[in-house]
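Colleague: Here you go, sequence then predicted model.
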Amino acid sequence: MDITMVLALKRSICSMNILFFQNIVSPHQMPYIQHLPTLEGVQDVVVIVPEVNLGERDSLGWDANKWLQTKGVNFVVAPSKQYVEELFRKYEKDNTWCLFSGINAFPMVVPWFRSSLKYKVKRGIITEPPYVYKHPLWQHSLRFALKDWIYVKDIDKVFVMGDDYLMYYKFWSKHWEVIPFMYCTEWRERSAMTERKGNKLKILYVGNLSHRKNVECLLKANLLLNKEEQNNIEIGIVGDGEQRPRLEQLAGSSHSAILFFGTIPMEKIPHIMEQYDVLVLPSLHDGWGAVVNEALMLGLYVICSNHCGAKYLLKNHENGSVFSSNNILELKSTLLKCIDEINSIREGVPERISWSRKHIHGDAVANYFYNKLKV
């Protein structure tokens, strides 16, 4: 056997295989998963899903099918139980990580997780924090104790979106390692770095117009400004939902120019974002809030509530600021600060893009993820 074959065999033996068991082909995880096959030390990357996309996401312009062409990633869609068992048998003797979307979060993923327990693979879960918008944390704790705790001993790592609930997961076991993580969005290059003219602060919201997203908080904060201050603000609202009539009523009382775009195809949103200075995400609860990633990579300054997981990305205060959820007075103060600092916000566009390329680009997230698996 020559040296080339020996090195190839050694790489095959030592390399890591990474299997993702998800409910769909996730547009907020594929941007980093696609880079894993390029890393030295990664052998096979496989994504196993019961379906490619959810029907409601199709209507919003999500195109998950395009990811099926990702070079170096193998996709298994709607496999039989026997096929999944074959996968586990194939990989169990190698250095293999199986990453599941929660323990009991998705009915189609649960049987795959439980089947994995029969095989010698390393297991991890990738999860959003508890959804406390509808149920208090004690109810989540009770559910976890009754349904999930029995499996803690079988899980080696827990990747949690954001860092708010790290202690919650650490509480349940010293066996597993709890790791702060993030969703990742497809990288978009800013089409132009033209100098923004005029002294009006341009604020954008992108998302559903639902009670949980709490766009009403932004418009109420705007109404607390005096007439001159309101005249120094333009607001764009992209999206639709049951709250739209109420929001249009509030907008009608403002001296600010407020434009409702309605539902916009996903591929056109970056072009709209580039025309604004600040993104505001005032949600009462957001497990993450991927629109924050999208805004930062295009250089926008971001304001979000402290109930958004993506506030994790705003620890660098040049990127944005965080206000207490539903605190209209605090949001008003933040808007005033942005009006006063409009020039520095605009000058900071290249720096935010540079920070995003270094920290939230899919390549950077893939390296972070792989390095956490290695240790």
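Modeller: Ah, there it is.

Colleague: Flag the shaky bits of this structure, pLDDT-wise.
Modeller: 1-14, 55-62, 193-196 (pLDDT under 70).

Colleague: helices or strands next to the strand ranked longest in it in the packing?
Modeller: Longest strand in the chain, counting residues (DSSP state E): strand 42-49. Other helices and strands packing on strand 42-49, by 3 or more C-beta pairs under 8 Å, 6 or more residues apart in numbering; DSSP states H and E, are strand 16-21, helix 30-33, strand 73-77, helix 81-91. All C-beta atoms are positioned from the backbone trio N, CA, C, and that covers glycine.

Colleague: contacting residues around it?
Modeller: The contact list for strand 42-49 (C-beta atoms under 8 Å, 6 or more residues apart in numbering) reads 11-12, 15-25, 30, 33, 36-37, 72-79, 84, 87, 91, 94, 112, 370.

Colleague: are any of these buried, and which?
Modeller: 16-25, 30, 33, 36-37, 73, 75, 84, 87, 91, 94, 112, 370 (16 or more other C-beta atoms under 10 Å).

Colleague: Tyr276: what's it in contact with?
Modeller: 202-204, 236, 300.

Colleague: So which of the helices and strands packed on strand 42-49 is nearest Ile264?
Modeller: helix 30-33 (20.4 Å; C-beta to C-beta).

Colleague: which other helices and strands contact the closest one?
Modeller: So helix 30-33, by 3+ C-beta pairs under 8 Å, 6+ apart, packs with strand 42-49, helix 362-374.

Colleague: Quick one: those as JSON lines, columns for distance to Asp164 too.
Modeller: Shown next, in JSON lines, are those (distance: least, C-beta to C-beta, whole Å):
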{"stretch": "strand 42-49", "distance to Asp164": "27"}
{"stretch": "helix 362-374", "distance to Asp164": "19"}
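
Colleague: hey, which of those is tucked in deepest?
Modeller: Across these, the average number of neighbours (mean count of other C-beta atoms under 10 Å) peaks for strand 42-49, which reaches a mean of 20.

Colleague: Out of the helices and strands packed on helix 30-33, which gets nearest to Trp187?
Modeller: The nearest among the helices and strands packed on helix 30-33, by C-beta to C-beta, is helix 362-374 at 6.3 Å.

Colleague: packing partners for the closest one?
Modeller: strand 16-21, helix 30-33, strand 157-161.

Colleague: Would you mind giving those as TSV with distance to Pro136 added?
Modeller: Below are these laid out as TSV (distance: least, C-beta to C-beta, whole Å):
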stretch	distance to Pro136
strand 16-21	29
helix 30-33	32
strand 157-161	19
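
Colleague: tell me which residues of the helix or strand hosting Ser115 are tucked away?
Modeller: Per DSSP states H and E, Ser115 falls inside helix 110-116. Residues of helix 110-116 classed as buried by neighbour count (16+ other C-beta under 10 Å): 110, 112-113, 115-116.

Colleague: helix or strand right after it?
Modeller: That would be, after helix 110-116 and using DSSP H and E, strand 122-127.

Colleague: Residues contacting that next one, please?
Modeller: 20, 29, 96-103, 105, 113, 116, 154-161, 181, 373.

Colleague: mind listing what Leu331 touches?
Modeller: 217-218, 221, 280, 282, 303, 323.

Colleague: so it sits in a helix?
Modeller: Yes - applying DSSP: H, G, I helix; E, B strand; the rest coil, one finds Leu331 inside a helix.

Colleague: Quick one: the helices in the stretch 101-250 of the chain, in order.
Modeller: 110-116, 137-143, 166-172, 215-223, 227-231, 244-251 (DSSP state H, counting those that start in this stretch).

Colleague: hey, which of the ones you listed is tucked in deepest?
Modeller: It is helix 215-223: most buried of those by mean count of other C-beta under 10 Å, with a mean of 22.

Colleague: So what touches it?
Modeller: Under C-beta under 8 Å, 6+ apart, the answer for helix 215-223 is 203, 205, 207, 209, 230, 233, 235, 237, 243, 246-247, 250-251, 253-254, 256, 258, 280, 282, 305, 326, 328-329, 331-332, 335.

Colleague: Let me know the helix or strand that the nearest residue to Gly348 once chain neighbours are set aside is in.
Modeller: Excluding the flanking residues, the one nearest Gly348 by C-beta to C-beta, 6 or more residues apart in numbering is Glu318, at 5.7 Å. If you go by DSSP H and E, Glu318 is not part of any helix or strand.

Colleague: What is the burial count for Glu318?
Modeller: 12 (other C-beta atoms under 10 Å).

Colleague: Report the separation between it and Glu341.
Modeller: 11 Å (C-beta to C-beta, to the nearest Å).

Colleague: With Lys227 instead?
Modeller: 21 Å.

Colleague: before we move on, what about Val47?
Modeller: In terms of C-beta to C-beta, Val47 sits 43 Å off from Glu341.

Colleague: ok, now Lys268?
Modeller: For Lys268 relative to Glu341 (C-beta to C-beta), the value is 29 Å.

Colleague: which residues touch Trp112?
Modeller: Counted by C-beta under 8 Å, 6+ apart, Trp112 has contacts 21, 48, 84, 100.

Colleague: Show me the strands in the stretch 201-350 of the chain, by range?
Modeller: Under the criterion DSSP state E, counting those that start in this stretch, the stretch 201-350 of the chain contains strands at 201-206, 233-238, 257-262, 278-281, 301-305, 320-323.
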